[in-house]
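S.K.: what's the 3D shape of this:
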Amino acid sequence: MSQDTAKRAAALKALELVESGMALGLGTGSTADCFTDGLGERVREGLAVRCVPTSERTERRAAALGIPLIALGDAEGLDLVVDGADEIDAAGCLIKGGGGALLREKLVAQDGRRVVIIADESKLVQPLGKFPLPIEIVAFGARRTLARLRALFKSVPLEAIKIRVDSFGEPFVTDGGNLIVDAGLGAIEDPPKLAATLKAISGVVDHGLFIGLTDLVILGRADGSTRTRAPETS
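M.R.: Residues are numbered from 1 along each chain as shown. Alright, predicted model coming up:
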């Protein structure tokens, strides 16, 4: 319950940044859900916003709350994007994609004039990598792409790099019809270098490393308080 309190605290703090007339990006995941739920309350009170959801799951939740939805590109950029993260480092680099929505999340984040990441304090780590890195791949030739990824990370046990399955034991399929490889790499010392390496592999659609997209991080605490931090620059 303390973690739920922390998530909600971060979400409510982010809601203070929302102004009427804004175009927003709505993230995916349990912490982002807290923001969406709070936004729904404000919309019922008269707040006028337009929102781009980052997944079909978020789209259904927002629609049920009466939040006006638009497609990415219907607005000339998004004033504010609020999303969660699986891990955050001091430079504001992220691992995202635990919920399988990394591609849409990244597309929406890139369209945001300001990207705010909300999370409980446990998500702040140094370095990234304890959480397995999600890598989205096309279904065609998936076994060969998986083999290329395993060859790239040859020092990592084969079983640590695997295609994600759902609760029925079937391959997890993203909203875009792709598959996810979860790579348990351990410490990622140079996230930008790894991000570029992964993008160069044919068959890889995108990956869960979000580099240079974060403008502000809001961290919730178990006691309901929050602290904010901007990414550190070298």
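
S.K.: domains of this protein?
M.R.: Following automatic domain parsing, one gets these domains for the chain: 2-126+211-223, 133-206.

S.K.: what's the average pLDDT for the longest one?
M.R.: The pLDDT scores in domain 2-126+211-223 average 98.

S.K.: returning to what we had before: among the domains of the chain, which is nearest residue 230?
M.R.: domain 2-126+211-223 (5.9 Å; C-beta to C-beta). No exception for glycine: its C-beta is placed from N, CA and C like everyone else's.

S.K.: about what we covered before: reformat the domains of the chain into JSON lines and put distance to residue 230 and mean neighbour count next to each item.
M.R.: Formatted as JSON lines, the domains of the chain follow (distance: least, C-beta to C-beta, whole Å; neighbours: other C-beta atoms under 10 Å):
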{"stretch": "domain 2-126+211-223", "distance to residue 230": "6", "mean neighbour count": "20"}
{"stretch": "domain 133-206", "distance to residue 230": "18", "mean neighbour count": "15"}
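
S.K.: would a markdown table of the ones you listed with distance to residue 229 be doable?
M.R.: Formatted as a markdown table, those follow (distance: least, C-beta to C-beta, whole Å):
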| stretch | distance to residue 229 |
| --- | --- |
| domain 2-126+211-223 | 5 |
| domain 133-206 | 18 |
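
S.K.: so which of those is nearest residue 232?
M.R.: domain 2-126+211-223 (4.7 Å).

S.K.: how long is the closest one end to end?
M.R.: 7 Å (C-alpha to C-alpha, to the nearest Å).
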